[in-house]
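**Student:** quick one: sequence plus predicted model below, questions after.
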Amino acid sequence: MQEEVKFLNILEPRNTECGIFRFMTRAWHPHRTFNADEYYTPQDLKEIAAKSVFLDSFIEAESAHSGVSKEKLKKEVLEYLEEMGLDKKLHVIRWMGIGFLKISFMMRVGIFVNEPAVLRIKSSMGKNPILFLPTHRSYADFCLLTYLCYHYDIEFPAVAAGMDFYSMAVFGQRMRETGAFYIRRTLVGAPLYAATLKQYVRTVVAKYAAPVEFFLEGTRSRSNKSLSPKYGVLSMSLMPLFSREVTDITIVPVNISYDRLMEHRLFAYEHLGVPKPKESTGGFLKSLFKLNDHYGNIYINFGAPLSVRSYLGDMVHTDQLLKPVDLQEITPDQFRQVQTVAEYVISLQQKATVVTISNLLALVLMESFVNQKLLSFNEVLSEVNWTVGVLTALGALVYETDVEGSVKRILVVHREMIRLDKERRLRLVSGTLMDVTSEVQKKMKGHTLKAETMATALPIIQLQLYVNPVLHYLVPPAIIYLIVEKWPVTQEELLSRYQHIRKLLHHEFFYVDENEANTFASALDYCLSSGVVCREAAQSLAAGRASKLRSVLRWAAWPAITTLYKCTQVMTEETVCTHSRALKLVQARAEAGGCHPYSLSLDAVANCLRGLVLAGALAKEKLANEMSYRVVPGAMEQARQLAASLQPDIQVDFANNPVLIHHATPTAKL
């Protein structure tokens, strides 16, 4: 039976000055997500971790190894715990909530929550620890679940945050007091810190009466697509289950979808190699002035909760169970189980994706751009409705009931990127380039692109950021179509080529191996039923006649396949190459070759290089300061030929496209 989906705007009742203050100062009696034998405060958690048998044992061994006194090492542990430890001060949370609501109304956003899913999860809380694992697309993600928990009377989550925020004056401490705990980006070369963090996270999960929230992808996705998961924090979080300290752990996958990303312009620059600005309180305060604008809706969808114990089935029995609970550590077999859980959760996040009107309009406009054909407003509405049908048939959750009203609304939200011209035809806006300072230019990560290349690429990359969230639905049938478009194949040949290209693009379009057989079967069924693929004599498969859908599928995977092909060309010529040099060479090749501008993305290039490693076409070698690649000739040539064969024959004039309208906006310095 399909679960009920009903999105409600949880900000709407607060939309008055009085409404904000009354709500944030109300009596609040939260529902605890884990009813342990005893209630522990944030300070208690630090003390329990500091006094653990594990850290005592580690300090003993570290002192013997390094010669540093145990007293000094214990002092270091206490300093680390003070650095990372969360705090909770309700009066701070209330004032931060008032500020959050005021900023939300300044940004004219609505926060739409799938309420039945939240209430189902809330009703089942209390038996064991809960992990909230949301997608990470924006800095706003940090605030959203905390506010949602306040709204639904759920205990505030303990939220893992990067050290970038820790150093922000005033703001870093306020985040800690709303439940953030801080984690350094790298644990390499800091064994005592790593041990302290491991024990602290484990203690918070096993003892705290609140959910633990962290971003499985580790960082914001600049592409607005799913990233491959990081395993470190999850492995620490699941340790209480492996050690039988708790009977189960429930993971709640959460997908957060935005009509408009606050950072989309900066993300587009990052794709081209401009480093991200350093987080600072001053920068945050300056950014507040830019938030007095329309930012559209945010959709929060809770996926089906995952019982880790049930998912893993028979727990791995190890010699670790003979040790005291605190001294047990994760084994290689258990770490492989952590990887399996992490990858499955990413697939659940993808399944919970809410297709927004921004995604739909971006797909329609990109199709218009590729076809170099302007669409009238009525044609846009017709195309959006058609696109809804396509995505719904592919299993997407499209929350859209009033297409015309939503398109008009989103044209206001994205008026600096998309607009109607005087004849009411949909156009993509090309703004003035940001003034990249000489200091920033020295830190550029890629090839030095021409100014005209940057000017053409930036608006298209920004648009692509809103196409990307739905590509995990379109790419499987797109790959199938691109294979059969070139030559008739048997189903076995199709599957072989499909699996190969999917592996090469695994990091660009993340998927879970165990789901791939079903994904392929569903995509092939869709292609056959929609007419983009047909069966011929001798059971061979060939391209069908559904020209409109064929066009969409041809360009959906085009940027990724082109980027992959450029990578195979460059690496074949180089044979051995460092990672940074490979990025620059592929970006330069893409600029010279007149590719889709998204092929200039360093993020996409890096993903394709990782795919070549996964497929055995590149061997990865760790040098002193960076990664190097060595070509495996046979596998590389096979990958090059496959990528070349799938190149769709699409000719687009990106710089002088009739869909592009030049509109100067004030420059800003990076």
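**Tutor:** Structure's in. What do you need?
**Student:** export the helix or strand where L471 lies as PDB, just CAs?
**Tutor:** Secondary structure from DSSP states H and E places L471 in helix 471-486. The C-alpha coordinates for helix 471-486 follow below in PDB (Å, rounded to 0.1, in the frame of the first residue of the first chain):
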ATOM      1  CA  LEU A 471      18.500  12.900 -13.700                       C
ATOM      2  CA  HIS A 472      18.600   9.700 -11.600                       C
ATOM      3  CA  TYR A 473      15.200   9.000 -13.100                       C
ATOM      4  CA  LEU A 474      16.100  10.000 -16.700                       C
ATOM      5  CA  VAL A 475      19.600   8.600 -17.000                       C
ATOM      6  CA  PRO A 476      18.900   4.800 -17.000                       C
ATOM      7  CA  PRO A 477      16.400   5.000 -19.900                       C
ATOM      8  CA  ALA A 478      18.700   7.600 -21.600                       C
ATOM      9  CA  ILE A 479      21.600   5.300 -21.600                       C
ATOM     10  CA  ILE A 480      19.500   2.500 -22.900                       C
ATOM     11  CA  TYR A 481      18.200   4.700 -25.700                       C
ATOM     12  CA  LEU A 482      21.700   6.000 -26.600                       C
ATOM     13  CA  ILE A 483      23.000   2.400 -27.000                       C
ATOM     14  CA  VAL A 484      20.200   1.200 -29.200                       C
ATOM     15  CA  GLU A 485      20.200   4.400 -31.200                       C
ATOM     16  CA  LYS A 486      23.600   3.500 -32.600                       C
END
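**Student:** run the chain-centre distance for that helix.
**Tutor:** 22 Å (Cα atoms, centre = their mean, to the nearest Å).
**Student:** one more: stretch 154-171?
**Tutor:** Offset of stretch 154-171 from its chain centre (Cα atoms, centre = their mean): 19 Å.
**Student:** run through who's touching whichever helix or strand comes after the helix holding L471.
**Tutor:** Of the helices and strands lying after helix 471-486 in sequence (DSSP H and E), the nearest is helix 491-504. Helix 491-504 has contacts (Cβ atoms under 8 Å, 6 or more residues apart in numbering) with 476, 479-480, 483-484, 489, 509, 511, 516, 520, 524, 539, 541, 561, 564, 608, 611-612, 614-615, 617, 638-639, 642-643, 646. C-beta: built from backbone N, CA, C; applies to glycine.
**Student:** take those residues and keep only those in strands.
**Tutor:** If you go by DSSP state E, the contacts of helix 491-504 have L541 in strands.
**Student:** buried subset of the contacts of helix 491-504?
**Tutor:** 476, 479-480, 483-484, 489, 509, 511, 516, 520, 524, 541, 561, 564, 608, 611-612, 615, 617, 638-639, 642-643, 646 (16 or more other Cβ atoms under 10 Å).
**Student:** Provide a list of residues in contact with the nearest residue to Y473 once chain neighbours are set aside.
**Tutor:** If the residues on either side of it in the chain are set aside, Y473 comes closest to L394, at 4.3 Å by Cβ to Cβ, 6 or more residues apart in numbering. Under the criterion of Cβ under 8 Å, 6+ apart, the neighbours of L394 are 473-474, 477, 526.
**Student:** now for the helix of greatest length in the chain, which elements pack on it?
**Tutor:** The longest helix of the chain (DSSP state H) is helix 332-351. Here helix 332-351 touches strand 130-134, helix 232-242, strand 250-258, strand 306-307, helix 308-312, going by 3 or more Cβ pairs under 8 Å, 6 or more residues apart in numbering; DSSP states H and E.
**Student:** out of the ones you listed, which comes closest to G273?
**Tutor:** With respect to G273, and counting by Cβ to Cβ, the nearest of the helices and strands packed on helix 332-351 is strand 250-258 at 24.1 Å.
**Student:** okay, now the sheet partners of that closest one, with direction.
**Tutor:** Within its sheet, and counting by DSSP bridges, strand 250-258 is paired with strand 130-134 (parallel), strand 297-302 (antiparallel), strand 306-307 (antiparallel).
**Student:** can I get those in TSV including mean pLDDT?
**Tutor:** Output for these, formatted as TSV (pLDDT from 0 to 100):
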stretch	mean pLDDT
strand 130-134	97
strand 297-302	96
strand 306-307	96
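**Student:** where does the stretch 501-650 of the chain dip in pLDDT?
**Tutor:** Within the stretch 501-650 of the chain, not a single segment meets pLDDT under 70.
**Student:** the stretch 51-200 of the chain now?
**Tutor:** For the stretch 51-200 of the chain (pLDDT under 70), the answer is 169.
**Student:** equivalent analysis for the stretch 251-400 of the chain, please.
**Tutor:** Using pLDDT under 70, the stretch 251-400 of the chain drops low at 279-289, 315-317, 319-320, 322.
**Student:** contact partners for E38?
**Tutor:** Contacts for E38 (Cβ under 8 Å, 6+ apart) come out as none.
**Student:** for V53, see how far away it is.
**Tutor:** With distances taken as Cβ to Cβ, to the nearest Å, E38 is found 19 Å from V53.
**Student:** what residues of stretch 86-96 count as buried?
**Tutor:** 86-88, 92-96.
**Student:** which ones among those map onto helices?
**Tutor:** 92-96.
**Student:** tell me the one of those residues nearest K323?
**Tutor:** Using Cβ to Cβ, I93 comes nearest to K323 of these, at 38.9 Å.
**Student:** correct me, but the closest one touches E155?
**Tutor:** No - between I93 and E155 there is no contact under Cβ atoms under 8 Å: 11.5 Å.
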